[in-house]
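Trainee: take this sequence and fold it.
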Amino acid sequence: ANPDLWHAWKGGEKPMDFAYLNAVIKSTEFPPYDPWFAGGYLNYYYFGQVMVGALIKLIGIVPAVAYNLVVPAWYALTALGAFSVTYNFVAYHQESRTRSGLAGQVAISPNKLGTPQTQDSSGDRESLTRSGLAGQVAISPDKLGTPQTQDSTGDRESRTRSGLAGQVAISPNKLGTPQTQDSTGDRESRTRSGPQNQARPLFFGFLGALFVAVLGNLGQLPNILVKLGEGMVQSFQSTIPGLAGLVRVTVGTFDLLFNGRVLPMRPDEWYWNASRAIPAGPYEAVITEFPFFTFLFADLHAHLIAMPLTFLSLAIALAVIFEAVGPGEGRWQGFTRRLGTLFLWALAIGAMRTTNTWDVPPHLIIVLGALVIAGVAQVQGVHTAGRWLRAIFSVAWQFALVFILSWSLLYRPFWDNYGSFYN
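Mentor: Got it, this is the predicted structure:
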């Protein structure tokens, strides 16, 4: 842990966290022994320490050193999770907009016999895209009347998956040879994997990581402004709201920059005050912690260890929704894929329950919400009672499976040997 953060009474609970971690690592059976009560067992949701301890034992680093490596490693996992969720959300949204603007707009120019153009409707385009047939072959006879094929089956699949399906205009040239003319959007989507098309998802991905892992609630800014103006030109008064404070802060800033003034802030005020941003009464505190404070303070608490698990759950929620609104798959292939996804989701939420139980209720709501969105997306276009009933049943059995696996079955050994002095 960062030694600069240790304080006589604001130094945190690192002795407790380190004792729990050692107990988990050294125990030969579970539940682990209680480091504070000889002969007792650990009365705590300790699975987070099991995950951390397994890595420590695997690498072979002594716990005193490993503790200081676990905190930045989990910070990196949290920032990476925020980046991944945001990046994939923006990238998929960008790709879906490209697909919806381009899919299925196949225009066939009149041939020498004056055959009229074919322009499929908006409904046809949606049907073609969902069935994987977008970008159908456009054929124009040459001088000898021989049909020429523009897209092979593999090309059609590639065009559909890369968002290039459709908008192929074919016209005969002077020799009667069909020519393919790509629109501007088509050419852009062809190169969407290039740097210029990755810029937007990357930008928002880094922005998501910045907001989650760095910025926090910005609660220190008011504290710094107050300290900058403290004791400066107290004689200056104004009836204009905020002007007196602005003048004091300005004078205090110049005094800090050019006269060597030191801000009148205790060492702990630089990081502690933002974690208690909501005013409270004497000997009371409303905790407003955020990830940057949690990792800077470096207490290896349950909510710190569970942070990467929450982003894993969010990533799976996005995957379920994207899978529902994307191109269809074979019935059994899609069913098998969904079972694997639900199993991973239950594994993540079950780990939350055994690591930091209070994360579970909101993420069960996320599970239900994602499944409902996916179910509605699959019903769109076919509004029949039978289709809606099948969608409701699908949401029900999937949510029940995740709940039963995460709440009980997957972590049955933990709960069978878990004891709490409170109920």
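Trainee: how much space separates Val65 from Ile59?
Mentor: 10 Å (C-beta to C-beta, to the nearest Å). C-beta: built from backbone N, CA, C; applies to glycine.
Trainee: actually Gly334, not the one I typed
Mentor: From Gly334 to Ile59 the distance is 39 Å (C-beta to C-beta).
Trainee: which of those two has more neighbours?
Mentor: Gly334 (13 against 9; other C-beta atoms under 10 Å).
Trainee: what strand or helix carries the more buried one?
Mentor: Assessed by DSSP states H and E, Gly334 sits inside helix 331-355.
Trainee: so which elements touch that helix?
Mentor: helix 47-59, helix 302-325, helix 360-379, helix 385-404 (3 or more C-beta pairs under 8 Å, 6 or more residues apart in numbering; DSSP states H and E).
Trainee: what is the second one packed up against?
Mentor: Read it as helix 302-325. With contacts defined as 3+ C-beta pairs under 8 Å, 6+ apart, helix 302-325 has these neighbours: helix 47-59, helix 63-102, helix 291-297, helix 331-355, helix 360-379.
Trainee: hmm, try it at 6 Å
Mentor: helix 63-102, helix 331-355, helix 360-379 (3 or more C-beta pairs under 6 Å, 6 or more residues apart in numbering; DSSP states H and E).
Trainee: show the average pLDDT along the shortest one.
Mentor: Just to be clear, that refers to helix 360-379. Averaging pLDDT along helix 360-379 yields 92.
Trainee: equivalent analysis for stretch 312-330, please.
Mentor: For stretch 312-330, the mean confidence score works out to 84.
Trainee: now it, how far from the centre of its chain.
Mentor: 13 Å (C-alpha atoms, centre = their mean, to the nearest Å).
Trainee: one more: stretch 12-21?
Mentor: That offset, for stretch 12-21, works out to 29 Å (C-alpha atoms, centre = their mean).
Trainee: contacting residues around that stretch?
Mentor: Ala1, Pro35, Gln49, Pro63, Tyr67, Phe297, Asp299, Leu300 (C-beta atoms under 6 Å, 6 or more residues apart in numbering).
Trainee: from those, which is closest to His93?
Mentor: Phe297 (35.5 Å; C-beta to C-beta).
Trainee: give me the number of residues near the closest one?
Mentor: Going by other C-beta under 10 Å, the residues that sit close to Phe297 add up to 22.
Trainee: quick one: the residue nearest the centre of the chain and Thr250, what's the gap?
Mentor: Central residue of the chain (C-alpha atoms, centre = their mean): Val85, 2.7 Å from the mean position. Per C-beta to C-beta, Val85 is found 41 Å from Thr250.
Trainee: over to Leu55?
Mentor: 50 Å.
Trainee: keeping just the C-alphas, turn the helix or strand harbouring Leu225 into PDB.
Mentor: Taking DSSP H and E as the definition, Leu225 sits inside helix 220-229. These are the backbone C-alpha positions of helix 220-229, laid out as PDB (Å, rounded to 0.1, in the frame of the first residue of the first chain):
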ATOM      1  CA  GLN A 220     -11.500  17.900  -4.600                       C
ATOM      2  CA  LEU A 221     -12.000  20.900  -6.900                       C
ATOM      3  CA  PRO A 222     -14.300  22.800  -4.500                       C
ATOM      4  CA  ASN A 223     -12.000  22.000  -1.600                       C
ATOM      5  CA  ILE A 224      -9.000  23.400  -3.500                       C
ATOM      6  CA  LEU A 225     -10.800  26.500  -4.500                       C
ATOM      7  CA  VAL A 226     -11.900  27.100  -0.900                       C
ATOM      8  CA  LYS A 227      -8.300  26.700   0.300                       C
ATOM      9  CA  LEU A 228      -7.000  29.000  -2.500                       C
ATOM     10  CA  GLY A 229      -9.200  31.800  -1.300                       C
END
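Trainee: now that helix: buried residues?
Mentor: Going by neighbour count (16 or more other C-beta atoms under 10 Å), the buried part of helix 220-229 is Gln220, Asn223, Leu225, Val226, Lys227, Leu228, Gly229.
Trainee: try stretch 206-215
Mentor: Leu207, Gly208, Ala209, Val212, Ala213.
Trainee: can you tell me which of the residues you listed end up in helices?
Mentor: Those of these mapping onto helices are Leu207, Gly208, Ala209, per DSSP state H.
Trainee: local confidence estimate at the residue lying closest to the last one once chain neighbours are set aside?
Mentor: Okay, so that is Ala209. Closest residue to Ala209 apart from its sequence neighbours, by C-beta to C-beta, 6 or more residues apart in numbering: Phe83 at 4.1 Å. Note on Phe83: pLDDT of 97.
Trainee: ditto for Gly419
Mentor: 72.
Trainee: so what's the residue count around the residue nearest to Ala209?
Mentor: 22.
Trainee: ok, it touching Phe204?
Mentor: No - with contact defined as C-beta atoms under 6 Å, Phe83 does not count as touching Phe204 (9.3 Å).
Trainee: circling back to that earlier point, what's downstream of the helix holding Leu225, the next helix or strand?
Mentor: Next along from helix 220-229, by DSSP H and E: helix 243-258.
Trainee: what is the subsequent helix or strand relative to that next one?
Mentor: By DSSP H and E, the next helix or strand past helix 243-258 is helix 269-272.
Trainee: any regions of the chain where pLDDT drops low?
Mentor: Within the chain, the segments meeting pLDDT under 70 span 1-10, 100-196, 326-330, 420-423.
Trainee: among the buried residues of helix 220-229, which one sits closest to Leu314?
Mentor: Taking the buried residues of helix 220-229 together and measuring to Leu314 by C-beta to C-beta, the closest member is Gln220, at 27.1 Å.
Trainee: ok, so what distance separates the closest one from Phe47?
Mentor: Gln220 is 33 Å from Phe47, by C-beta to C-beta.
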